[in-house]
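In: output the structure for:
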Amino acid sequence: MKRIAIFLSSALLVAGVGSACAQASDPFQRSVPVQTLPTLQAPGAQPAPSAPINLTGVQNAAFGTPRTSSDGSMTRVVFDLQPGVSYTLMPTFTGLRLDVQGARVIPAVTARLGASVSEYRAGAGQVTLVTPFPLSLSEGWKATEATLATGSRVLILEFGPTVKGGASAALSARVRVSPPQGAKPTAESLPPGDLVPTVKVLPPAPALPGADSSVPSARQGRIPGTPQAGVTLGAPRIGKSPGQTRVVLDLPPGSSYRLVPSGLSLRVELSGVAAAAQSAQNVSPELRAWRIDPAGNGLSVSLVTAAPLTDRSGWRAQLLAPASGERSRLVIDLSPALADLTPVPAADKVVARVPPFPVTSGTAMLALGANYAAPRVVIDPGHGGRDPGAVGTIVEKQVTLDVALRVRDLLRAAGVDAVLTRDTDRELNPSKNTDLEMRAFMGTPGTQLFVSIHVNATDASSALRGYGVETWWNPNHPLSSQLAGLLQNGIIAQTGAFSRGLKTGRSLSVLRNSRIPAALVEIGYTSHPVDGLNLRDANYLDRVALGVASGIREALMSGVTASRTVMTPRAGGAGK
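Out: Sure thing, here's the model as predicted:
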């Protein structure tokens with residue numbers, strides 16, 4: 001195995017704090033000053049000599065407070081580079097990350113720097129410029145350094161959906177495709193300056209289960225037919241569509257394969273086929289690089305991805321019969337929005353029974369006896385009637401009702417009194433605000449939990465960045481955040497979908513006006529070309545419903561219910 005050492009030189013520390021530092025009196029400033037760019041030094045001119053650098057042991061250099069300008073969809077961001085400051089650049093599916101050495105990064109957060117930089121975050125040695133479109137190694141951005149007439153250096157970053165170039169030749173060694181962790185470089189963590197390094201070649205896979213089957217599995221198997229000596233594998237065939245990249249390997253009869261996802265790569269182990277070492281890089285936003293290496297009596301094909309993979313998410317594979325000739329096609333789709341669409345086994349499509357709760361004075365729970373009653377939960381399918389919600393690959397009001405009905409049936413079979421705010425395509429009131437309040441107020445005394453189900457969306461320019469599951473909570477009740485966490489964990493466990501985590505900070509009417517633990521789940525993005533297809537799949541909706549119902553059961557069993565504390569709803573604000 002070829003080892004590639006990564007040496008990051010320690011940056012010298014400079015005395016004196018730049019003027020940019022003085023501007024950041026608020027550590028979480030909400031704006032970044034926009035200024036015109038200074039005149040760049042003419043080509044061929046000699047930069048002014050830098051002042052001597054004294055190593056004092058105290059980091060005084062500052063990095064941040066960029067100057068910005070826009071020209072249509074192109075946004076330019078300029079950083080001053082003080083002596084001794086170095087950095088690395090990492091383009092990602094959601095923007096550009098800078099890891100800064102030799103300077104204190106000035107903490108800042110702002111919502112927008114221009115048409116193509118939707119958010120700016122800085123602090124803890126890092127700067128992130130969030131873009132409404134994915135970045136590849138050469139598309140969506142450019143980075144150059146220049147020397148001003150004053151002799152000082154600047155880093156110039158340009159962003160836009162039509163911008164091409166990536167890092168300039170002088171900055172190519174600063175580019176990373178994964179965060180530095182101090183680990184040995186592998187196909188999952190590529191060092192700068194060698195974007196497709198030699199990777200560790202594993203020994204050939206042992207005999208695979210089902211090797212004699214005429215229909216191998218998508219994960220591993222053997223191509224039907226008699227092996228042929230001297231058969232070679234050609235380069236992967238690549239297909240690109242918004243939000244997804246398809247890789248096709250043409251496998252000869254008698255060859256076998258096994259797919260192994262690991263971090264930021266998918267390894268395809270092949271036997272019974274040969275090929276010379278070959279590679280390509282910067283293939284697409286979803287596929288950073290691929291490489292084929294000989295391995296014993298077979299090959300190792302490494303597909304380096306832009307987003308992490310798991311056994312169930314970020315990729316999908318299928319084996320197709322030959323379209324012509326005798327070679328079968330191993331088709332691998334790569335997208336961070338790909339989730340688990342396999343059917344839920346009938347034995348697993350159940351929620352364990354929830355025992356009845358003790359009845360308290362004044363309860364509205366369904367009585368089962370003198371002292372116990374079934375726990376009551378309100379399930380709110382978002383939108384309805386004249387309010388369709390998000391419209392894209394699917395219509396939000398239809399999908400939320402579909403999932404809510406499945407959740408209701410799972411919970412009722414488990415002994416829970418599950419009540420829907422609507423069980424048909426209708427609104428509760430023609431007034432949107434009144435409709436939302438009526439939904440929240442269905443959490444009457446004696447109700448344990450309130451869960452609202454929604455589908456996310458974003459504008460067309462940001463569609464490729466919107467995918468996955470997130471759960472919202474408001475501080476209406478001290479247990480709402482715990483409920484949100486259990487729901488998020490339950491859905492991700494069942495679907496394998498990309499987790500966007502827990503969200504708060506928006507005052508959502510159905511949560512704010514609820515007097516019991518409440519949470520709102522966004523089960524996917526109808527605007528994303530891949531995530532939207534998840535929402536059309538019955539198996540995915542089964543898994544979402546099972547995840548929601550499992551999270552609710554865990555909340556009931558762990559005491560995350562309204563029986564502990566009741567809060568008064570807050571006034572004001574907007575929401576779903």
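In: next SSE downstream of the top strand by length along the chain?
Out: The strand that spans the most residues within the chain, counting by DSSP state E, is strand 153-164. Beyond strand 153-164 in the direction of the C-terminus, DSSP states H and E gives the next helix or strand as strand 166-167.
In: what is that following strand packed up against?
Out: Judged by 3 or more C-beta pairs under 8 Å, 6 or more residues apart in numbering; DSSP states H and E, strand 166-167 is in contact with strand 139-147. For glycine as for every other residue, the C-beta is placed from the backbone atoms N, C-alpha and C.
In: okay, now the sheet partners of the strand it packs on, with direction.
Out: Here strand 139-147 is paired, per DSSP bridges, with strand 153-164 (antiparallel), strand 166-167 (parallel).
In: show me what contacts the nearest residue to residue 267 once chain neighbours are set aside?
Out: In this structure, residue 267 finds its nearest non-sequential neighbour in residue 260, 4.5 Å apart by C-beta to C-beta, 6 or more residues apart in numbering. By C-beta atoms under 8 Å, 6 or more residues apart in numbering, the residues touching residue 260 are 266, 267, 268, 269.
In: a markdown table for the strands paired with strand 139-147, including distance to residue 341?
Out: Formatted as a markdown table, the strands paired with strand 139-147 follow (distance: least, C-beta to C-beta, whole Å):
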| stretch | distance to residue 341 |
| --- | --- |
| strand 153-164 | 30 |
| strand 166-167 | 34 |
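In: so of the ones you listed, which one's packed in deepest?
Out: Among the strands paired with strand 139-147, strand 166-167 has the highest mean neighbour count (mean count of other C-beta atoms under 10 Å), at a mean of 20.
In: quick check: mean pLDDT across that strand?
Out: Computed over strand 166-167, the mean pLDDT rounds to 93.
In: pretty sure residue 463 contacts residue 528?
Out: Yes: here residue 463 reaches residue 528: they are 5.7 Å apart, a contact under C-beta atoms under 8 Å.
In: hey, what's in contact with both of the two?
Out: residue 243.
In: which of those two has more neighbours?
Out: Using other C-beta atoms under 10 Å, the more surrounded residue of residue 463 and residue 528 is residue 528, with 29 against 22.
In: now the more buried one: how far from residue 335?
Out: Applying C-beta to C-beta, to the nearest Å, the value for residue 528 to residue 335 is 9 Å.
In: ok, and the most crowded of the contacts of residue 260?
Out: Neighbour max across the contacts of residue 260 (other C-beta under 10 Å) = residue 266, 24 neighbours.
In: now for the residue sitting nearest the centre point of the chain: which residues touch it?
Out: The residue lying closest to the centre of the chain (C-alpha atoms, centre = their mean) is residue 498, at 5.3 Å. If you count contacts by C-beta under 8 Å, 6+ apart, residue 498 has them with 307, 313, 314, 336, 337, 339, 467, 468, 469.
In: all strands for the stretch 351-500 of the chain, in order.
Out: 357-358, 366-367, 372-374, 376-381, 417-420, 447-456, 469-472, 499-503 (DSSP state E, counting those that start in this stretch).
In: correction: the stretch 151-300 of the chain
Out: Going by DSSP E, counting those that start in this stretch, the stretch 151-300 of the chain shows strands at 153-164, 166-167, 220-222, 237-241, 244-251, 256-262, 265-271, 278-281, 287-295, 298-305.
In: please identify the most buried of the ones you listed.
Out: That would be strand 298-305, which, of those, has the most neighbours on average (mean count of other C-beta under 10 Å), namely a mean of 25.
In: and it with strand 244-251, angle?
Out: Orientation check (axes from the mean of the first three to the mean of the last three C-alpha atoms, to 10 degrees): strand 298-305 against strand 244-251 gives 180 degrees.
In: run the chain-centre distance for strand 298-305.
Out: In terms of C-alpha atoms, centre = their mean, to the nearest Å, the centre of strand 298-305 is found 23 Å from the chain centre.
In: that strand packs against which elements?
Out: Using 3+ C-beta pairs under 8 Å, 6+ apart: strand 298-305 touches strand 265-271, strand 287-295, strand 328-334.
In: quick check: buried residues in the last one?
Out: Buried residues in strand 328-334, counting neighbours by 16 or more other C-beta atoms under 10 Å, are found at 328, 330, 331, 332, 333, 334.
In: and residue 316, bridged to which residues?
Out: residue 333.
In: do I have it right that it meets residue 338?
Out: Yes: with contact defined as C-beta under 8 Å, residue 316 and residue 338 form a contacting pair (5.2 Å).
In: neighbour count: the two, which is higher?
Out: residue 338 (26 against 19).
In: next one: that one relative to residue 496, how far apart?
Out: Applying C-beta to C-beta to residue 338 and residue 496 gives a distance of 9 Å.
In: so for those two, which residues contact both of them?
Out: What both residue 338 and residue 496 touch, as defined by C-beta under 8 Å, 6+ apart, is the set residue 313.
In: on that earlier part again, quick check: which of the strands paired with strand 139-147 is nearest to residue 357?
Out: Among those, the nearest to residue 357 by C-beta to C-beta is strand 153-164 (54.4 Å).
In: good, wrapping up.
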